[in-house]
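Sequence and predicted structure, then a few things I'm wondering about:
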Amino acid sequence: MKDGISLGKGIWWTLVWFGFMLLYTAVDVVVLRKAVPVYGKYLNLLSIALCMLAFIFLLTKKNNFKINLFGNIALQGILLAIGCAVLLYFLLDKGLDSVFESIFPVSEENYQETLKSLSEAPVVSLIQICILAPIIEEILMRGFLLDGLSVSYGTVKALFASSFMFALLHFNMVQTLSAFICGIVLGLLYLHTRSIFCCMLTHMIYNLISYVTMILPLYGK
């Protein structure tokens, strides 16, 4: 992104995506689960994808923002992305998350309930968590916010601001604190590689590792 953006604009577009999240969640809970309980989870996946496309259209149209998805891809960046995913797993899942869970036990209980709910539809949750979420979050947080805020406020402030907004999308304290650290790592990766694809790759692999180790074991219980 060549043009800078203000912090207010960054917050606004984060809230716009949050609004889309509320929209597809409401459609799922109020309509799909009741009207088509058998196929509701698949239709919910479709509604998430449609909301993503609508948001990306608005984001690019209103901000003259071009998504350079496959730019700056190099073998070194891909290897670094894989390494960052492994780092996040050991730093968070095997490290700091247990500390956050002990500090915020209520949030941890809510988080476990969310994991249990996701395990009830493993294929759908896999696509949502490991593919769709990393795509939209990296386009918004790294491609749009971090890049744009860096022009206006400098790299350090942009890194922390984009990571903070990334964390706010994760709802409870256990996830929020972990997401902030995750945002810092992903932001540093983007600043080093200038590749949204590498950030998506890290995000996808890390979520996949967490999915396999945390959600799949709950399936069928």
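Noted; the coordinates are in hand. Values in this document were obtained by computation on a predicted structure and should not be read as measured data. Numbering: from 1, shown residues only.

Could you tell me the model confidence score at Leu208?
We note a pLDDT of 95 for Leu208 in this prediction.

in what helix or strand does it lie?
helix 196-210 (DSSP states H and E).

what does that helix rub up against?
67-73, 77-78, 80-82, 84-86, 88-89, 93, 126, 129-131, 133-135, 137-139, 142-143, 182, 185-186, 189-190, 193 (C-beta atoms under 8 Å, 6 or more residues apart in numbering). C-beta coordinates here come from the backbone N, C-alpha and C atoms, glycine included.

Please name the residues that touch Ser47.
Contacts of Ser47 by C-beta under 8 Å, 6+ apart are Tyr24, Val27, Asp28, Leu32.

residues of the host helix or strand of it that come out buried?
Under the criterion of DSSP H and E, Ser47 resides in helix 40-63. By neighbour count on 16 or more other C-beta atoms under 10 Å, the buried set for helix 40-63 is 40-41, 43-45, 47-49, 51-52, 55-56, 59.

How about the worst-scoring helix or strand of the chain on mean pLDDT, which residues are buried there?
When each helix and strand of the chain is scored by mean pLDDT, DSSP states H and E, helix 105-119 comes last, with a mean of 82. Across helix 105-119, burial judged by 16+ other C-beta under 10 Å covers Ser107, Glu108, Asn110, Tyr111, Leu115, Leu118, Ser119.

What residues of whichever strand or helix holds Asp97 count as buried?
Using DSSP H and E, Asp97 sits in helix 97-103. Neighbour counts using 16+ other C-beta under 10 Å place Asp97, Phe100, Glu101 of helix 97-103 among the buried residues.

what do you get for stretch 136-155?
Residues of stretch 136-155 classed as buried by neighbour count (16+ other C-beta under 10 Å): 136-150, 152-153.

wait, what's in contact with Thr213?
If you count contacts by C-beta under 8 Å, 6+ apart, Thr213 has them with Asp93.

Check whether it sits in a helix, strand or coil.
Put simply, Thr213 is helix when judged by DSSP: H, G, I helix; E, B strand; the rest coil.

State the pLDDT value of it.
At Thr213, pLDDT is 90.

about what we covered before: filter the buried residues of stretch 136-155 down to just the ones in strands.
When DSSP state E defines the strands, the subset of the buried residues of stretch 136-155 inside them is empty.
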